[in-house]
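Student: Task: produce atomic coordinates for the following.
(one chain, ligands or ions: 5)
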Amino acid sequence: MRAESLQAAFNNSSDSRQQKKCKVQNVLHSETEEKQHGAEDKAARMTSLQLSAKEDMLERFLDASARGDLTQVSTLLSHVPSLINQTGYSGWTGLMLAARNGHYNVVEALLSHGCDKFSVNSSSQTAYDIAKFWGHRHISNLLGRTTDGSQRVLPGSDPHQQENYFSRETLDRLSAKRTDTVWLEEKQSDPDTVYLLFSNLSPMVCSSQEDDNAGGETKLCRFRYEAVKDLLPKPATMLIFLGVEKRKTPSSSSQTVDGIQEPPAWFAINTDEVASELLKRCREMNCSFPKTPNRDLLKLNEEEAGVVAQARSVLAWHSRYSFCPTCGSSTKLEEGGYKRSCLNLDCRSLKGVHNTCYPRVDPVVIMLVIHPDGNQCLLGRKKIFPVGMFSCLAGFIEPGEAMEEAVRREVEEESGVKVGPVQYVSCQPWPMPSNLMIGCLAVAISTDIKVDENEIEEARWFPRQQVIDSFRGAHPALTVPPRQTIAHQLIRHWIGMNSNL
Ligand SMILES: NC(=O)C1=CN([C@@H]2O[C@H](COP(=O)(O)OP(=O)(O)OC[C@H]3O[C@@H](n4cnc5c(N)ncnc54)[C@H](O)[C@@H]3O)[C@@H](O)[C@H]2O)C=CC1
Ligand SMILES: [Mg+2]
Ligand SMILES: [Mg+2]
Ligand SMILES: [Mg+2]
Ligand SMILES: [Zn+2]
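Tutor: Ligands and ions are numbered 1, 2, ... in the order given. Next up is the predicted model:
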């Protein structure tokens, strides 16, 4: 959006403002009344005049923010505080408009009133992105400032680091407690403790829709101690301590000896019980253990996806490392499920720290390669992809290889394109079974494509507009991967970087 059209979109003539004044007063009056009479009869009293007056009020607030009229912004907010996060044209808030036009004092005032600085407009930009794009550094610094002052310590750091699916840390892992066997045992029988049941590395979930393919959300089935206690002593059961809930108001029943309340602990259990028997333990409808994790685990909400990423990767490690990789002896599970120790007392793995004793993570680079002209990106497709779907190139980092070198090697191996500068963007745990996807942007220094047919069916340069059209669903020949993948987020990031605000 250009500056002129922005102004035009939010400007009011003084005439129309006069006409709106009485409607605005109506709204002020009605908001006071609403407080007195409660919310129930609110809908009944809301006339269409009041509705349009509310719109006018929002328009005036956005206009004042865009013009940097601090007095008017403050007055309007003192009467109608809810204006602060409301959006106008293209999802722009007052904060975004003030940031766009460089009005530091308005941005400061809005922040001090508790404005949500992380909300995004319809182009997925925050006020911070907008200030940065238009070169208002004093404002982007203000918006980027964190309460712990980390912006000062790491001046180049981006406080709006992309959060990817599977990466949300809902639980506090409390790793120091993994060696506290007494505490762990107490937690196991605590009535507040939450258990997740896994079978063949899939968590038990209940779906909101009968039709599994309809794209409905699924929820993890949560169990209490009483419902799973018979499974705990069984030899084939793997029990992983996941952490405790990160919350400020703990439940009343969890109390330590000195009266300090502790939030509930979470454990994951994987058993060899028959899945159909396990399902009988759940009282919810439509329960299942998903058979295609690549697709089905993407239906969880962000919080639960993060917990599943942790649990599934650790469980997958146990299922793959049943015996000691150093001497082949049997091993035992320790430290809340975060260690496997060899039972052969002479084994080398027991001397010093051995990485085979701890859960493994495979680092993978995934990159969006940008054409030297800046206006096209390189996407490829594997044979197994659905028709029309193209994604970022990706590959495992090899031993002794730096991230940037892995990006250059994988891109050249798979597409024949040579890459110069590489920039890290964000990462994503990908529990299939235990990858860490390291997302980068990379700039090509050659453009001829020659694909490695063993891995890639086709790779192509896609013009920016075609990619944007695909995001809007307006390009039949190109589909990008779903939003839960870092590939999707990298492509979106590139589009957003150059958008015409
Ligand atoms: N979340 C996302 O957006 C995406 C995730 N991915 C994940 O990244 C992974 C790696 O991407 P690829 O292009 O397949 O890698 P790649 O280009 O390195 O090729 C895979 C091949 O590398 C070999 N390999 C080397 N180290 C390996 C290891 N530690 N584990 C398994 N195979 C290894 C195997 O022969 C395998 O067939 C995929 O398996 C997929 O799970 C890939 C693309 C998108
Ligand atoms: Mg690859
Ligand atoms: Mg490869
Ligand atoms: Mg490779
Ligand atoms: Zn051993």
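Student: Give me the buried positions along stretch 319-333.
Tutor: 324-325, 331 (16 or more other CB atoms under 10 Å). No exception for glycine: its C-beta is placed from N, CA and C like everyone else's.
Student: and the chain, which of its residues are near ligand 5?
Tutor: 324, 326-327, 329, 342, 344, 347, 349 (CB under 5 Å from the ion).
Student: export those residues to TSV and tack on secondary structure?
Tutor: Compiled in TSV, the residues of the chain next to ligand 5 are given as follows (DSSP: H, G, I helix; E, B strand; the rest coil):
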residue	secondary structure
Cys324	coil
Thr326	coil
Cys327	coil
Ser329	coil
Cys342	strand
Asn344	coil
Cys347	coil
Ser349	helix
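Student: Closest to ligand 1 out of the residues you listed?
Tutor: Thr326 (19.1 Å; CB to the nearest ligand atom).
Student: And the nearest residue to the closest one once chain neighbours are set aside, how far from Tyr358?
Tutor: Nearest residue to Thr326, sequence neighbours excluded (CB to CB, 6 or more residues apart in numbering): Ser349, at 4.3 Å. Using CB to CB, to the nearest Å, Ser349 is found at 11 Å from Tyr358.
Student: next one: Val451
Tutor: Taking CB to CB as the measure, Val451 falls 37 Å from Tyr358.
Student: These two: who's more crowded?
Tutor: Comparing Val451 with Tyr358 by other CB atoms under 10 Å, the one with more neighbours is Val451, at 18 against 13.
Student: ok, Ala487 touching Cys392?
Tutor: Yes: the pair Ala487 and Cys392 qualifies as a contact (CB atoms under 8 Å) at a distance of 4.3 Å.
Student: Quick check: the residue nearest to Gly94 when sequence neighbours are not counted vs ligand 5, distance?
Tutor: Among residues not flanking Gly94 along the chain, Ser65 sits closest, at 3.4 Å (CB to CB, 6+ apart). Distance of Ser65 to ligand 5, given as CB to the ion, to the nearest Å: 66 Å.
Student: Among the buried residues of stretch 319-333, which one lies nearest to Arg409?
Tutor: Pro325 (26.7 Å; CB to CB).
Student: where does that closest one land in three-state SS?
Tutor: coil.
Student: Please give me every residue in contact with it.
Tutor: Neighbouring residues of Pro325 by CB atoms under 8 Å, 6 or more residues apart in numbering: 349, 356.
Student: try 7 Å this time
Tutor: Pro325 sits next to Thr356 when contact means CB atoms under 7 Å, 6 or more residues apart in numbering.
Student: Likewise for the one 5 residues further on?
Tutor: By CB under 7 Å, 6+ apart, Ser330 lies in contact with 323, 343.
Student: Go again with 8 Å.
Tutor: With CB under 8 Å, 6+ apart, Ser330 has these contacts: 322-324, 342-343.
Student: same deal with Glu245?
Tutor: 170-172, 263-264, 266.
Student: The same query, at a cut-off of 7 Å, please.
Tutor: With the criterion set at CB under 7 Å, 6+ apart, Glu245 makes contact with 171, 263-264.
Student: what's the first-to-last distance across stretch 108-118?
Tutor: One end of stretch 108-118 to the other measures 15 Å (CA to CA, to the nearest Å).
Student: hang on, isn't Phe223 packed against Leu197?
Tutor: Yes: here Phe223 lies in contact with Leu197, judged by CB atoms under 7 Å, at a distance of 6.2 Å.
Student: about what we covered before: what kind of secondary structure is the residue nearest to Gly94 in?
Tutor: helix.
Student: what about it, how many residues close to it?
Tutor: Residues near Ser65, counting by other CB under 10 Å: 32.
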